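Student: Just need the structure, nothing else, for what follows:
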Amino acid sequence: MSKEQIIEYNPIYRKQYEDFIHQAGIEGSAQTFRKDKINPENLDPKSSFWIALVDDVIVSTSYAQRSFITGTPESIRKCRYHILKKHRHGRYGFKFFQKQLQWAKENDFKHYYWTHDVTDKAINELFQHKRTYMRGKQDDKYFKDNNFQKLKLETDFVFHDSPKSDMIQFVYSYYIDENYIWQPTEAIIKHEHNGFISKPKDIIETKYF
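Tutor: A predicted model of the protein is given here:
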């Protein structure tokens, strides 16, 4: 039986991380792990990089990054997430979510969020609690989890981090401090929606043109 661990990155896994980056590049995610974007051995001291190990091989990663990008460093943004294709059904997104959420609580963050491309209908239906993977009872537990059920779709704005990018993303929030009012000022476009956007490029044009 395979041994699985979800842990914070440690330099003892540098070789495994380099192997992971190589394979992620082959799978089309080379840009995600450029050294100017993420160096797990030189992080912001209030951020945390996580790895999923299966039999001592890194199969997935996720960065819990202090959200300077939105002007709200009291928030944590889940990003730099990739699962190697061979392990796509490992549910590592959910597993990282639980570990990172506990870490964020222990480090006095008020808010945790996750973003997804608005054009990815299947993944957004999952996060909007409209469907599950329907692969059996083992998967159901992830969707029924209380923390996952508390993820809230932000309907007043969308995430857009660069004028060079033509991708906008829905934002899903977990409010660690239930009295906290999140007011991001950067990397967003104010746009009311109901979880479906038919012409995302039109929204980008309203911001930059």
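Student: what's the closest non-adjacent residue to the residue nearest in space to the middle of the chain?
Tutor: Taking CA atoms, centre = their mean, the centroid of the chain lies closest to Lys78, which sits 3.5 Å from it. Nearest non-adjacent residue to Lys78, counting by CB to CB, 6 or more residues apart in numbering: Trp114, 4.5 Å away. Heads up, the C-betas are built off the backbone N, CA and C, glycines and all.
Student: which ones are touching the one you found?
Tutor: Contacts for Trp114 (CB atoms under 8 Å, 6 or more residues apart in numbering) come out as 77-78, 97, 127, 151, 171-172.
Student: sorry, back to before: after whichever helix or strand the residue nearest to the centre of the chain is part of, heading C-terminal, what element do we hit next?
Tutor: Using DSSP states H and E, Lys78 sits in strand 75-83. As assigned by DSSP H and E, the chain's next helix or strand after strand 75-83 is helix 92-106.
Student: Each with direction, which strands does the helix or strand following that next one pair with?
Tutor: Next helix or strand after helix 92-106 toward the C-terminus (DSSP H and E): strand 111-117. Strand 111-117 has the following sheet partners, assigned by DSSP bridges: strand 75-83 (parallel), strand 169-175 (antiparallel).
Student: what ranges do the strands span in the protein?
Tutor: If DSSP state E is used as the criterion, the strands of the chain fall at 4-8, 48-54, 57-66, 75-83, 111-117, 152-153, 157-159, 169-175, 188-190.
Student: List the pairing partners of the second one within its sheet, with orientation.
Tutor: The one in question is strand 48-54. Its sheet considered, strand 48-54 pairs with strand 4-8 (antiparallel), strand 57-66 (antiparallel) by DSSP bridges.
Student: Relative to Met167, which of these is closest?
Tutor: strand 57-66 (17.9 Å; CB to CB).
Student: Okay, angle between that closest one and helix 92-106 too, please.
Tutor: 40 degrees (axes from the mean of the first three to the mean of the last three CA atoms, to 10 degrees).
Student: Return the distance of strand 57-66 from the chain's centre.
Tutor: 9 Å (CA atoms, centre = their mean, to the nearest Å).
Student: mind exporting it as PDB, just the C-alpha atoms?
Tutor: Below are the C-alpha coordinates for strand 57-66, written out as PDB (Å, rounded to 0.1, in the frame of the first residue of the first chain):
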ATOM      1  CA  VAL A  57       7.900  11.100  -4.600                       C
ATOM      2  CA  ILE A  58       6.300  14.600  -4.900                       C
ATOM      3  CA  VAL A  59       3.100  14.200  -6.900                       C
ATOM      4  CA  SER A  60       1.400  17.600  -6.100                       C
ATOM      5  CA  THR A  61       2.200  21.000  -4.700                       C
ATOM      6  CA  SER A  62       0.300  24.100  -3.500                       C
ATOM      7  CA  TYR A  63       1.400  27.500  -2.200                       C
ATOM      8  CA  ALA A  64      -0.400  29.200   0.700                       C
ATOM      9  CA  GLN A  65       0.700  32.700  -0.200                       C
ATOM     10  CA  ARG A  66       0.100  35.900   1.900                       C
END
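Student: Cool, thanks, talk later.
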